[in-house]
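> let's see this in three dimensions:
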Amino acid sequence: MNTLASNRSHRGRTLLSLGLAFFDVAALTAAFGLAYFLRERVPLLINLPDSQPPFLIYLPTLILHVGVVVTLFYFSRLYHLPRAISRIDHARKLIGTVTVGSLLVFGLQEILFSNTQLAVDYPRGLLFYVWGMSMGLVIVAREVHFRLRGWLRVHGVARDNLLIIGNGKVAREIVRRIGSNQALGYNPVGVVVNGKTRAKGNVGGIPVIGIYDDLPALIDSQHVDQIIIALPDAQRAEIMELVSLCQRGRVDIKIYPDMFAYMAGSLSVDDLSGTPLLTVRDIAMRGWRLSLKRGMDVLGAGCGLILLAPFMLLTAIVIRKESPGPVFYTQERMGLDGKPFHMVKFRTMRMDAESSGPGWTVKDDPRVTRLGRWMRKTNWDEIPQLINVLMGEMSLVGPRPERPVYVMEFRERIPRYMERHREKSGMTGWAQVNGLRGDTSIAERTQYDLWYVENWSLWLDIKIVMRTVFQAIAGRSKNAY
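Coordinates of the predicted model:
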């Protein structure tokens, strides 16, 4: 049974990759045809041509365009199918690759086709349309394929037999995430644990089927495709031994990081006169980067306040009509370098909400007004913080600020918690777009905040803002209550 499932998995992955290439070819072909059609009818910063050659004349250029772009996709590993992807990052990579491919085709068709029977004028206007249509249709085609791939995996196609090593907290979390997302395409066959005697029981519903020494036999008998070593506290020698035991056939081995999971920064290798040094901590936001981030904050906050002013005024009127009290709610929060400031929000609760002291908002909290519940769900109550951003007290993106009473509590029990205050607090953050807001794990949220601080880039900020807006519009803001 497992042999059949494993063979189907390999064939399924191959067919999915070929299917993705087919989707790309179809999208690029349709994009070229649509571009030809639009150039004659839709002026887009370019005057309409008096006439253009028949479409078939451009067939060699079309074939060249499809071939070059698909080849670039291949060498950019865009046919490597990850289990989960960031659509924003993926779209960014597609746009960059299509741009390079379109410009390359513009030059190659002149070199390859000039003074031959295939020679044809490839005007810059048509190039512009082809470039734009190719980006749009390829992104749409890949989204369709992504959803189709997820549906097929849920229904048993291209699923990998997975073996998990470990039975601690990390292993249980991995099992939980795999079980909650069938579209990842994993088929857990069992868990392997350490022990002198054969272990029994299960981990999150996945049975324990053996100990370390059983790994070679289990990999063969269960036809394992992938192994996850979920032992964050294991010694180096133990990890090396497990990897050695697992190196059979075409098994993929993934290791949950140990100490480096605690160090939030990404790894890089520097050179010191021929001696390699592993960088595990490198502060990203300093020097000109701080000026760039501040410029983005001022521009974003200024434009936001101007464009959203009418809607903010309407919100203020509705708040006053629904419940007595001020429109805005200010609260002391701790920001950069642990300095307090007053954060501004639309009021979402009754005036007596904290008569018994401060506390986390919970699901269906009776203190929240009807309008307040909608504002929290869509993050609209956070919009007045654009004022804090414009004044330099906050940033558009960064670790969310906490009240001093909570900061004093968390700093005592959460390692490295105060390091998140090395940068300005944000209206939204990496932890928030990953569902860690409200009544969620502070320790896990801190890890996400530290990762953001040590891996900052302008693109990362743009991506977080885009994900925040999308989640708000789609109503996918987790724990927003």
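> make it CA atoms for all contacts and neighbour counts henceforth
Noted.
> tell me which helix or strand of the chain sits lowest on mean pLDDT?
Least confident helix or strand, the chain: helix 259-262 with a mean of 48, by mean pLDDT, DSSP states H and E.
> what are the structural domain limits within the protein?
Per automatic domain parsing, the structural domains of the chain span 2-154, 160-262, 288-474.
> can you lay out those as TSV showing mean neighbour count?
Shown next, in TSV, are the domains of the chain (neighbours: other C-alpha atoms under 10 Å):
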stretch	mean neighbour count
domain 2-154	16
domain 160-262	17
domain 288-474	17
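> can you flag the weakest of these by average pLDDT?
Among the domains of the chain, domain 160-262 carries the lowest mean pLDDT, a mean of 82.
> the stretch 101-250 of the chain: strands as residue ranges?
For the stretch 101-250 of the chain, the strands defined by DSSP state E, counting those that start in this stretch cover 160-165, 186-193, 202-203, 206-211, 226-229.
> and the contacts of stretch 122-133?
When contacts are defined by C-alpha atoms under 8 Å, 6 or more residues apart in numbering, stretch 122-133 is touched by residues 31, 32, 34, 35, 36, 38, 39, 46, 98, 99, 102, 106.
> which element is the fifth one on?
Following DSSP states H and E, the helix or strand that holds residue 36 is helix 2-41.
> thinking again about what came up before, residue 190: which of the contacts of stretch 122-133 is nearest?
Among the contacts of stretch 122-133, residue 98 lies closest to residue 190 (C-alpha to C-alpha), at 42.4 Å.
> assumed the closest one was part of a strand.
No: Residue 98 sits outside any strand when classified using DSSP: H, G, I helix; E, B strand; the rest coil, being helix.
> my guess is it meets residue 139, correct?
No: look at residue 98 against residue 139 with C-alpha atoms under 8 Å: they stay out of range, at 10.4 Å.
> so who does residue 162 touch?
Counting by C-alpha under 8 Å, 6+ apart, the residues that residue 162 touches are 186, 187, 188, 189, 190, 224, 225, 226, 227, 228.
> any chance of the residues you listed in a markdown table, with distance to residue 83 too?
Output for those, formatted as a markdown table (distance: C-alpha to C-alpha, whole Å):
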| residue | distance to residue 83 |
| --- | --- |
| 186 | 9 |
| 187 | 13 |
| 188 | 15 |
| 189 | 18 |
| 190 | 20 |
| 224 | 17 |
| 225 | 14 |
| 226 | 12 |
| 227 | 14 |
| 228 | 14 |
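> let me know the closest of those residues to residue 322.
Residue 322 has its nearest neighbour among the contacts of residue 162 in residue 186, at 49.3 Å by C-alpha to C-alpha.
> thought that closest one was touching residue 178?
Yes: applying C-alpha under 8 Å, one finds residue 186 in contact with residue 178, separated by 6.9 Å.
> which helices and strands does the helix holding residue 36 pack with?
Here helix 2-41 touches helix 59-75, helix 124-154, strand 160-165, going by 3 or more C-alpha pairs under 8 Å, 6 or more residues apart in numbering; DSSP states H and E.
> measure the closest residue to residue 139 other than its chain neighbours to residue 186 for me?
Distances taken as C-alpha to C-alpha, 6 or more residues apart in numbering place residue 91 nearest to residue 139, at 6.3 Å, with adjacent residues excluded. With the distance defined as C-alpha to C-alpha, to the nearest Å, residue 91 ends up 25 Å from residue 186.
> what's stretch 456-473 in contact with?
Residues outside stretch 456-473 that contact it (C-alpha under 8 Å, 6+ apart): 88-89, 284-285, 292-293, 377-379, 396-397, 428-430, 433, 477.
> widest-spaced pair of these?
284 and 377 (31.7 Å).
> name the nearest residue to residue 407, sequence neighbours excluded.
With C-alpha to C-alpha, 6+ apart, the residue lying closest to residue 407 is residue 334, at 7.7 Å.
> cool, and residue 23?
The nearest residue in space to residue 23 (C-alpha to C-alpha, 6+ apart) is residue 141, at 6.0 Å.
> for the one you found, give me its contacts.
Counting by C-alpha under 8 Å, 6+ apart, residue 141 touches 23, 24, 27.
> hang on, isn't the last one packed against residue 135?
No: taking contact to mean C-alpha under 8 Å, the distance of 9.2 Å between residue 27 and residue 135 leaves them out of contact.
> residue 436 and residue 215, how far apart?
Counting by C-alpha to C-alpha, the separation of residue 436 from residue 215 is 36 Å.
> against residue 396, how distant is the spatially most central residue of the chain?
Closest to where the C-alpha atoms of the chain average out (C-alpha atoms, centre = their mean) is residue 86, at 3.7 Å. Distance from residue 86 to residue 396, counting by C-alpha to C-alpha: 21 Å.
> got phi/psi on the residue nearest to the centre of the chain?
Backbone geometry at residue 86, expressed as degrees, to the nearest 10, gives phi -90, psi 110.
> show me where the stretch 351-481 of the chain has its strands.
Assigned by DSSP E, counting those that start in this stretch, the strands in the stretch 351-481 of the chain fall at 395-397, 426-428.
> redo these as a markdown table? Include distance to residue 324.
What follows is the strands of the stretch 351-481 of the chain, written out as a markdown table (distance: least, C-alpha to C-alpha, whole Å):
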| stretch | distance to residue 324 |
| --- | --- |
| strand 395-397 | 30 |
| strand 426-428 | 26 |
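> of those strands, which is nearest residue 219?
So among the strands of the stretch 351-481 of the chain, strand 426-428 is nearest, using C-alpha to C-alpha, at 44.1 Å.
> what sits up against the closest one?
382, 385-386, 394-401, 464-465, 468.
> closest to residue 323 among these?
Looking across these and measuring by C-alpha to C-alpha, the closest to residue 323 is residue 382, at 18.8 Å.
> thought residue 343 was touching the closest one, still the case?
No: contact between residue 382 and residue 343 fails when scored by C-alpha under 8 Å: they sit 9.4 Å apart.
> helix, strand or coil for residue 341?
strand.
> for the strands of the stretch 101-250 of the chain, which one sits closest to residue 423?
strand 226-229 (34.3 Å).
> then that closest one to PDB, C-alphas only?
Extracted in PDB, the C-alpha atoms of strand 226-229 (Å, rounded to 0.1, in the frame of the first residue of the first chain):
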ATOM      1  CA  GLN A 226      10.500  12.900   3.800                       C
ATOM      2  CA  ILE A 227      11.900  13.000   7.300                       C
ATOM      3  CA  ILE A 228      11.600  15.800   9.800                       C
ATOM      4  CA  ILE A 229      14.000  15.700  12.800                       C
END
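> how would you label residue 253: helix, strand or coil?
strand.
> any idea how far it is from residue 81?
For residue 253, the distance to residue 81 - C-alpha to C-alpha - is 16 Å.
> cool, residue 302 as well?
40 Å.
> pretty sure residue 302 contacts residue 391?
No: using C-alpha under 8 Å as the test, residue 302 is too far from residue 391 to be in contact (10.5 Å).
> bridged to residue 227, which residues?
Beta-bridge partners recorded for residue 227 (DSSP bridges): residue 163, residue 253.
> sorry, wrong one. I was asking about residue 193.
Beta-bridge partners, per DSSP bridges, of residue 193: residue 211.
> hmm, it is touching residue 167, no?
Yes: between residue 193 and residue 167 there is a contact at 6.3 Å, judged by C-alpha under 8 Å.
> in a markdown table: the contacts of stretch 122-133, plus distance to residue 57.
Shown next, in a markdown table, are the contacts of stretch 122-133 (distance: C-alpha to C-alpha, whole Å):
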| residue | distance to residue 57 |
| --- | --- |
| 31 | 16 |
| 32 | 13 |
| 34 | 15 |
| 35 | 14 |
| 36 | 11 |
| 38 | 17 |
| 39 | 15 |
| 46 | 22 |
| 98 | 22 |
| 99 | 23 |
| 102 | 18 |
| 106 | 15 |
